[in-house]
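Peer 1: fold the following for me, if possible:
(one chain, ligands or ions: 2)
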Amino acid sequence: MNDMTQTSPVYDNYINGEWKSAEGGRTQKSINPANKNEIVGIIPDSSKQDLEKAVAAAKTSRLAWRKLAGAQRGNLLFKAADIMENRINEIGEAMTLEMGKTLPEAKGETARGVAILRYYAGEGMRKIGDVIPSSDADAFLYTTRSPLGTVGVISPWNFPVAIPIWKLAPALIYGNSVVWKPATETAVTAAKVMQCFHDAGLPAGVLNMVVGSGSVIGQGIAEHADINGITFTGSNAVGQAVGQAALARGAKYQLEMGGKNPIIIAADADVDLAVEATISGGLRSTGQKCTATSRVIVVKDVYEEFKSKLIQKVAELKVGNGLDAQTWLGPCANEKQMETVISYIRKGVDEGAVLLHGGTRPTDRALSDGFYVTPAIFDKVTSKMAIAQEEIFGPVLALIEVNDIQEAIELANDTTYGLSASIYTRNIGNALQFVQDMEAGLVRVNAETAGVELQAPFGGMKQSSSHSREQGQAAIEFYTSIKTVFIKP
Ligand SMILES: NC(=O)C1=CN([C@@H]2O[C@H](COP(=O)(O)OP(=O)(O)OC[C@H]3O[C@@H](n4cnc5c(N)ncnc54)[C@H](OP(=O)(O)O)[C@@H]3O)[C@@H](O)[C@H]2O)C=CC1
Ligand SMILES: O=C(O)CCC(=O)C(=O)O
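Peer 2: Ligands and ions are numbered 1, 2, ... in the order given. Have a look, this model is predicted:
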């Protein structure tokens, strides 16, 4: 152990209402991507034994939890929300330190987590069924809903507060107990979120958190016979494996995976607004959103104007440590992610695209220990290139020139993904054609591709999801089963 390891804060698993170190005391380090020499915290490296304890606790606690009134469960979520609201600075700072997004983004995401918690707390008071006229005049026919039992939540590092909360909160409010495996990258942030639920007085065993590698704890959740539903957000490769493991044992599953999201700029677009939306949608959070804009499809009439304005604005963005108030764009979340981004930039050049701007490690020596890449803009991209087809998850914009809206929509659909898409146009006909023909779960007119409203359904078409929807009232479809009740006196 070096000195820094000895002085770094230590975080544990949360099992059956208690903080517990991993079996055998195994730990790993959470590293700051802005400075790889800084350890943010020492976190558990859990084994299957830890998972077993968490699942057993969740199984034991679930009956009493489901028997509470929805309003009682809701009150606990309201309390957790209030506590989290008071800790926005602390949680936001942990997030910036662990995965690099800027502090305003990190605090904004934590505030969003609070709002999601409150939304689902309120769900405890809303209707969960319908009365249906029976063909038997004496009978009472209605539907109600049952929780699944225990839900396994596998969450990624890119929204380390909002994504877990939009899974945990509906799972809990509808009466499920939970075993949560957060991304290892953001386990410190996860522990701070978990502490809010603990301090709110959630009964022991109802929500458990196990930190450890995806292949052990994540896969263990997918395969565990006592976990009745699994919700996952992350890469397509892992999502497919999770889905297959769940399907093989008849468990319910929900997958939210990648995107290759297009923005279309029509000839009649407000070009300045379109440039802003492209930058915000493509480069905020260093491009590490599943809804990030990565393909910029521009009609030829405004191509040159759009391109030169985009380059000018992107050149003004300050890359740096997310804690620095001047920074617009933080580092990639980890070294592997940075290497992936750099390898795609090389691939783009090799395939014949023209790198107009960025795509390099910054020369500033103050940034040399961080996983930084300057935002890249590619010109002369064609739809068949890897940079136009594969999810990069980094600050890379691929410009594609087209003749008209028809061609733009065709190319926008020329991918295996279908998560989000946007168009900039002042023409209602263009907008309606786009809304109708675009194969994506989220379509936005005169708005960037990213940006999800917590009260609306969110999810993708094609290979972006398991065709289910999260958030808003859509969440009830995954976290419960409908029970049809027929009663005759
Ligand atoms: N849709 C989205 O929002 C996201 C998409 N991605 C995409 O995925 C790429 C790789 O990122 P990465 O973090 O490796 O994504 P992963 O899909 O590997 O990670 C997502 C979650 O799954 C867990 N996991 C990893 N392996 C397994 C497994 N075999 N079984 C069950 N769970 C597992 C991870 O745990 P652990 O952290 O311990 O590895 C993490 O909690 C990115 O470049 C991006 O393209 C990534 C994150 C979010
Ligand atoms: O755009 C957003 O706010 C949500 C993005 C998201 O869900 C993701 O990146 O996983």
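Peer 1: and Glu18, how many residues sit next to it?
Peer 2: The burial count assigned to Glu18 is 13, neighbours taken as other CB atoms under 10 Å. No exception for glycine: its C-beta is placed from N, CA and C like everyone else's.
Peer 1: repeat that for the one 3 residues further on.
Peer 2: One way to gauge burial is a neighbour count; for Ser21, by other CB under 10 Å, it gives 16.
Peer 1: where's Phe378, which helix or strand?
Peer 2: Element membership of Phe378, judged by DSSP states H and E, is strand 376-379.
Peer 1: partner strands of that strand and their direction?
Peer 2: strand 354-357 (antiparallel), strand 396-402 (parallel) (DSSP bridges).
Peer 1: just after the longest one, pick out the following helix or strand.
Peer 2: Next along the chain after strand 396-402, taking DSSP H and E as the criterion, comes helix 405-412.
Peer 1: who in the chain is up against ligand 1?
Peer 2: With the criterion set to CB under 6 Å from any ligand atom, the chain comes near ligand 1 through 154-158, 181, 183-185, 213-215, 218-219, 222, 233-235, 238, 241-242, 256-258, 290, 337, 340, 391, 393.
Peer 1: average pLDDT for the strand holding Phe378?
Peer 2: Strand 376-379 comes out with an average pLDDT of 98.
Peer 1: now it: how far from the chain's centre is it?
Peer 2: Distance of strand 376-379 from its chain centroid, counting by CA atoms, centre = their mean, to the nearest Å, is 25 Å.
Peer 1: one more: stretch 435-455?
Peer 2: That offset, for stretch 435-455, works out to 16 Å (CA atoms, centre = their mean).
Peer 1: please apply the same query to stretch 284-304.
Peer 2: Centre to centre, stretch against its chain (CA atoms, centre = their mean), the figure for stretch 284-304 is 19 Å.
Peer 1: that stretch: end-to-end distance?
Peer 2: End-to-end distance of stretch 284-304: 24 Å, with CA to CA, to the nearest Å as the criterion.
Peer 1: for it, what is the average pLDDT?
Peer 2: Averaged across stretch 284-304, pLDDT comes to 98.
Peer 1: may I see the buried residues of it?
Peer 2: For stretch 284-304, the neighbour count (16 or more other CB atoms under 10 Å) marks 284-299, 302-303 as buried.
Peer 1: and ligand 2, is that stretch touching that?
Peer 2: Yes - contact of stretch 284-304 with ligand 2 (CB under 6 Å from any ligand atom) involves 289-291.
Peer 1: and if you look at stretch 429-447?
Peer 2: No - against ligand 2, stretch 429-447 shows no contacts by CB under 6 Å from any ligand atom, the least distance being 8.4 Å.
Peer 1: helices and strands around the helix or strand where Trp19 lies, which ones?
Peer 2: Assigning secondary structure by DSSP H and E places Trp19 in strand 18-20. The contact analysis (3 or more CB pairs under 8 Å, 6 or more residues apart in numbering; DSSP states H and E) places strand 18-20 against strand 13-15.
Peer 1: off-centre distance for the strand it packs on?
Peer 2: Between the centre of strand 13-15 and the centre of its chain there are 22 Å (CA atoms, centre = their mean).
Peer 1: which of the strands paired with strand 376-379 is buried the deepest?
Peer 2: strand 396-402 (a mean of 24; mean count of other CB atoms under 10 Å).
Peer 1: compute the inter-axis angle for that one and helix 405-412.
Peer 2: Computed by axes from the mean of the first three to the mean of the last three CA atoms, to 10 degrees, the angle separating strand 396-402 from helix 405-412 equals 140 degrees.
Peer 1: need the contact partners of strand 396-402.
Peer 2: Contacting residues not belonging to strand 396-402 are listed as 278, 282-283, 287, 293-300, 303, 307, 310, 314, 341, 344-345, 348, 353, 356, 359, 375-383, 385, 387-388, 408, 411 [CB atoms under 8 Å, 6 or more residues apart in numbering].
Peer 1: give me that answer again for 7 Å
Peer 2: For strand 396-402, the external contacting residues (CB atoms under 7 Å, 6 or more residues apart in numbering) are 278, 282, 287, 294-300, 303, 307, 341, 344-345, 376-379, 381, 383, 387-388, 408, 411.
Peer 1: and if you look at stretch 93-108?
Peer 2: So stretch 93-108 is in contact with 30, 32-34, 40, 88-89, 92, 109, 157, 160-161, 185-186, 188-189, 192, 284-286, 322-323, 327, 330-333, going by CB under 7 Å, 6+ apart.
Peer 1: tell me which of the residues you listed fall in helices.
Peer 2: Among those, the members found in helices (DSSP state H) are 88-89, 92, 109, 188-189, 192.
Peer 1: considering those residues, which possesses the most neighbours?
Peer 2: Counting neighbours by other CB under 10 Å, Thr189 leads the ones in helices among the contacts of stretch 93-108 with 32 neighbours.
Peer 1: OK, contacts around that one?
Peer 2: Thr189 sits next to 91, 94-95, 98, 160-161 when contact means CB under 7 Å, 6+ apart.
Peer 1: what's the neighbour count on Leu454?
Peer 2: Residues near Leu454, counting by other CB under 10 Å: 20.
Peer 1: near Ala366, how many other residues are there?
Peer 2: Quick note: Ala366 (other CB under 10 Å) scores 12 neighbours.
Peer 1: so is stretch 257-276 next to ligand 2?
Peer 2: No - applying CB under 6 Å from any ligand atom, one finds stretch 257-276 out of contact with ligand 2, separated by at least 7.8 Å.
Peer 1: now Trp65: closest residue in space, sequence neighbours ignored.
Peer 2: Of all residues not flanking Trp65 in the chain, Val206 sits nearest, at 5.0 Å (CB to CB, 6 or more residues apart in numbering).
Peer 1: point out where this protein drops to low pLDDT.
Peer 2: Within the chain, the stretches with pLDDT under 70 are 1-6.
Peer 1: the longest strand along the chain packs against which elements?
Peer 2: Secondary structure of the chain read by DSSP state E shows that its longest strand is strand 35-44. Identification of packing neighbours for strand 35-44 by 3 or more CB pairs under 7 Å, 6 or more residues apart in numbering; DSSP states H and E yields helix 3-7, strand 27-32, helix 187-200.
Peer 1: deepest-packed of these, please.
Peer 2: Using mean count of other CB under 10 Å, helix 187-200 ranks as the most buried of the helices and strands packed on strand 35-44, with a mean of 24.
Peer 1: next SSE after that helix?
Peer 2: Later in the chain than helix 187-200, the nearest helix or strand by DSSP H and E is strand 207-209.
Peer 1: ok, residues contacting whichever helix or strand comes after that next one?
Peer 2: As assigned by DSSP H and E, the chain's next helix or strand after strand 207-209 is helix 219-223. Residues outside helix 219-223 that contact it (CB under 7 Å, 6+ apart): 48, 51, 152, 154, 179, 181, 227, 230, 242, 245-246.
Peer 1: any chance you could map the strands in the stretch 201-350 of the chain?
Peer 2: Applying DSSP state E, counting those that start in this stretch to the stretch 201-350 of the chain gives strands spanning 207-209, 229-233, 252-256, 261-265, 293-299.
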